[in-house]
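In: Any chance you could fold what I've pasted below:
(one chain, ligands or ions: 1)
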Amino acid sequence: MSKGDGSSPLRLVILGGGRMGEALLAGLLKAGWANPAEIAVVETVAGRREQLAKQHPDVVVSADPVAGDGTVVAVKPADVPGACAALRDLGAARVLSVAAGVTVATLEAALGPDVAVVRAMPNTPALIGAGTTAIAPGTVAGSDDLDWAEGILGAVGEVVRVHEGLLDAVTGLSGSGPAYVFLVAEALIEAGVLAGLPRDVSTRLVTGTLLGSARLLAETGEPAEALRAGVTSPGGTTAAGVRVLEQRAVRAAFIDAVAAATERSRELGFTPN
Ligand SMILES: NC(=O)c1ccc[n+]([C@@H]2O[C@H](COP(=O)([O-])OP(=O)(O)OC[C@H]3O[C@@H](n4cnc5c(N)ncnc54)[C@H](OP(=O)(O)O)[C@@H]3O)[C@@H](O)[C@H]2O)c1
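Out: Have a look, this model is predicted:
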């Protein structure tokens, strides 16, 4: 196997063929980022390898780490040091890690001093190509390495660039964010049922409302408060509903939730193993 010196036929090696690894693979193939034969997935579980090979026929599926021009580390956080040690032995030059809570310092210590490391925090909608990911450079990563990482993660959604010190806040906001939204969805669906709507109707109404509101926010570029004011007529129904949410301190609860999740991410980051 080649040593990742630019002569490799493999443009990308994805270490870990789990949910995130496969989502990235599928996104990259769909986007035409590379030909299937230019991407390898390294997966330790034989049954999973069979699934991946069946699902993506021309992609290289391997039990052992192989070298490529760049590598994505998509194994569980506890498996990252071992995976990085293998990459170091293969002479990996450029590594993108999506492992939650594993710091640049840990990655660089395991990979060696000359490896360009980019650390990313994706979220679960990446599994359907609608992720929101923040990336942060390691100490030797340049703008070309960030461009490379953004090109890969852009295949499964939006990418923003931050410095590593902000990744705990990203984890608390957009990393955990889908859970907050699902909790809101659950509550609204129950509220619709209580108000007399059949459960399936309530579910469709809530799902459509969340999707539509997110698109309105994204596509108009209007601030959230302006969009909210736009549906809140004086003395109207929405004003009555919003007053209850403010009385129950829902806004403060979200602020505290993100702060707590950010703090928890900080605590876990010190002990990635
Ligand atoms: N899923 C998400 O939405 C999401 C969001 C943010 C961050 N992440 C991060 O992405 C990483 C992967 O998450 P996931 O949800 O895709 O987990 P997952 O489905 O459990 O995938 C991890 C895969 O990597 C395999 N693996 C473990 N060690 C390996 C090694 N040394 N070489 C090759 N393959 C190895 C695992 O096999 P075994 O079953 O044998 O362990 C498993 O199939 C995690 O670090 C997680 O923190 C995921």
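In: contacts, neighbours, all on C-alpha from now
Out: Fine.
In: gap between Ala218 and the ligand?
Out: Using C-alpha to the nearest ligand atom, to the nearest Å, Ala218 is found at 22 Å from the ligand.
In: Oh, that last question was meant for Ala86, not what I typed.
Out: Per C-alpha to the nearest ligand atom, Ala86 is found 8 Å from the ligand.
In: try Leu205
Out: From Leu205 to the ligand the distance is 26 Å (C-alpha to the nearest ligand atom).
In: Just the element for that residue, please.
Out: Leu205 is part of helix 199-220, with elements assigned from DSSP states H and E.
In: Helices along the stretch 51-200 of the chain, start to end?
Out: Taking DSSP state H, counting those that start in this stretch to define them, one finds helices in the stretch 51-200 of the chain at 80-90, 104-111, 143-153, 167-170, 177-194, 199-220.
In: What is the subsequent helix or strand relative to the helix holding Leu205?
Out: Proceeding N to C from helix 199-220, the next assigned helix or strand is helix 224-230, under DSSP H and E.
In: Tell me which residues are up against that following helix.
Out: Under the contact criterion C-alpha atoms under 8 Å, 6 or more residues apart in numbering, helix 224-230 has outside partners Leu217.
In: what about it, distance to the chain center?
Out: Between the centre of helix 224-230 and the centre of its chain there are 28 Å (C-alpha atoms, centre = their mean, to the nearest Å).
In: same deal with stretch 106-115?
Out: Centroid displacement of stretch 106-115 relative to its chain, using C-alpha atoms, centre = their mean, is 22 Å.
In: could I get the helices of the stretch 51-200 of the chain as a markdown table with mean pLDDT and mean neighbour count?
Out: Converted to a markdown table, the helices of the stretch 51-200 of the chain look like this (pLDDT from 0 to 100; neighbours: other C-alpha atoms under 10 Å):
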| stretch | mean pLDDT | mean neighbour count |
| --- | --- | --- |
| helix 80-90 | 94 | 19 |
| helix 104-111 | 94 | 19 |
| helix 143-153 | 98 | 18 |
| helix 167-170 | 96 | 24 |
| helix 177-194 | 98 | 15 |
| helix 199-220 | 98 | 14 |
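In: Get me the contact residues on the stretch 101-250 of the chain for the ligand.
Out: Taking C-alpha under 6 Å from any ligand atom as the contact definition, the stretch 101-250 of the chain meets the ligand at 121-124.
In: What's the ChimeraX line that selects buried ones from the residues you listed?
Out: Here is the ChimeraX selection string for the buried members of these, based on 16 or more other C-alpha atoms under 10 Å:
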select :121,122,123,124
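In: Which two among the residues of the stretch 101-250 of the chain next to the ligand are spaced furthest apart?
Out: Met121 and Thr124 (10.2 Å; C-alpha to C-alpha).
In: Quick check: neighbours shared by these two?
Out: Taking C-alpha under 8 Å, 6+ apart as the criterion, Met121 and Thr124 both touch Gly175.
In: quick one on the thing from earlier: which of the residues of the stretch 101-250 of the chain next to the ligand lies closest to the ligand?
Out: Nearest to the ligand out of these is Thr124 (C-alpha to the nearest ligand atom; 3.3 Å).
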